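**Q** Following is a predicted model, sequence given first.
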Amino acid sequence: MKILCVSDYVDPLIYNQNVKEAFPDIDLILCAGDLPMDYVDFIVSVFNKPTYFVFGNHDLKEYHFYHRDGHFDTSKYTRNYDQAIHGHGAIYLGFKSFINENLTFEDPVTGKKTPLLIAGTSGTVRYNNGLCQFTEAQMKFKLLKLAPKLIYNKLKYGRYLDIFMTHASPRHIHDHEDPCHLGFECYNWFLQRFKPTYMVHGHIHLYDLREERIGKYYDTTVVNAYAHYVIELPETTTDKKDN
């Protein structure tokens, strides 16, 4: 399963009519935040592949459609909004867990076909009380609410999770020391406890080519999706590459 990850930057390598020639065999797209929804719409339309997205701390014009703490949350339109299927053809993954039976890969342990197990969260650490910002305690509580479904995954499939997509990074992995770009310490706990194969995040812009894009935390490969990056399931040491 080949997965295109994007975040934070409308990449001209992606946002063009010939993108499918450059990425001909993509099975899944992950949009890790701070992207205009018309860009997500373009990706869905061009690739016609399952697409998941989360919100970051920018490009939040449609955030209120998905969360009661967003602007205009008392409107009739917001209350009746179908969060599960809306999103310009993409599925909103913020604070949710999904089992995608239509996306399968061969489990390297059992050799059997298995569905994709994916979960995600939106937002960043709280730094100016803006929209889609959370304290450590708030984010830890949201992660705990995912636990029952992840335990179900473990009982049925032998693992908790394949991919955990966020906008912010874990603490001390790709994050920066300024208040806006600190990672969540509770993400480190989540990775240690639930052991996803990949964590895909955005938020940290890669202006310096020497800056690390791929990290490791216990059993999880942590990928900064800035601009674009391609990963594969099952993971191998030669799968991951920039295009």
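**A** That came in fine, so what should we check first?

**Q** Helix or strand next in line after the longest helix anywhere in the chain, which one?
**A** With DSSP state H setting the assignment, residue counts place helix 136-157 as the longest helix in the chain. Using DSSP states H and E, the helix or strand that follows helix 136-157 towards the C-terminus is strand 163-165.

**Q** Spatially nearest residue to F42, not counting backbone neighbours?
**A** The shortest distance from F42 to any residue other than its chain neighbours is 6.3 Å, reached at Y15 (CB to CB, 6 or more residues apart in numbering). C-beta here means a position set from N, CA and C on the backbone, and glycine is covered the same way.

**Q** Contacts for the longest helix of the chain next, please.
**A** The contact list for helix 136-157, computed with CB atoms under 8 Å, 6 or more residues apart in numbering, reads 95-97, 99, 114-115, 117, 119, 121, 123, 125-126, 134, 159-161, 184-187, 189-190, 194.

**Q** Give me the subset of these lying in strands.
**A** K96, S97, I99, T114, P115, L117, A119, V125, F134 (DSSP state E).

**Q** Neighbour-wise, which one of the residues you listed leads?
**A** Neighbour count (other CB atoms under 10 Å) singles out A119 as the most crowded of those, with 27 neighbours.

**Q** how about the nearest residue to that one, chain neighbours excluded?
**A** The spatially closest residue to A119, leaving aside those adjacent along the chain, is S97, at 4.0 Å (CB to CB, 6+ apart).

**Q** distance of that neighbour from E185?
**A** The gap separating S97 from E185 is 21 Å, by CB to CB, to the nearest Å.

**Q** can you check H176 too?
**A** In this structure, H176 and E185 are 15 Å apart, going by CB to CB.

**Q** just A137 next, same as before
**A** A137 sits 11 Å away from E185, taking CB to CB as the criterion.

**Q** what about those two, which has more around it?
**A** For A137 versus E185, neighbours defined as other CB under 10 Å are more numerous around E185 (15 against 9).

**Q** Just the pLDDT for that one.
**A** Each residue has a pLDDT score; the one for E185 is 98.

**Q** again, but for the one 3 residues further on
**A** With respect to pLDDT, N188 has a value of 98.

**Q** any idea what sits nearest it, other than its immediate chain neighbours?
**A** P170 is the one closest to N188 (CB to CB, 6+ apart), at 4.8 Å.

**Q** Help me confirm that that neighbour comes into contact with Y217.
**A** Yes. Contact status for P170 versus Y217: in contact at 6.3 Å, counting by CB atoms under 8 Å.

**Q** which regions of this structure sit below the pLDDT cut-off?
**A** The chain contains residues with pLDDT under 70 at 69-87, 236-243.

**Q** Once you drop chain neighbours, what's closest to the residue nearest the centre of the chain?
**A** Centroid check for the chain by CA atoms, centre = their mean gives M165 as the closest residue, at 2.5 Å. If the residues on either side of it in the chain are set aside, M165 comes closest to G120, at 4.0 Å by CB to CB, 6+ apart.
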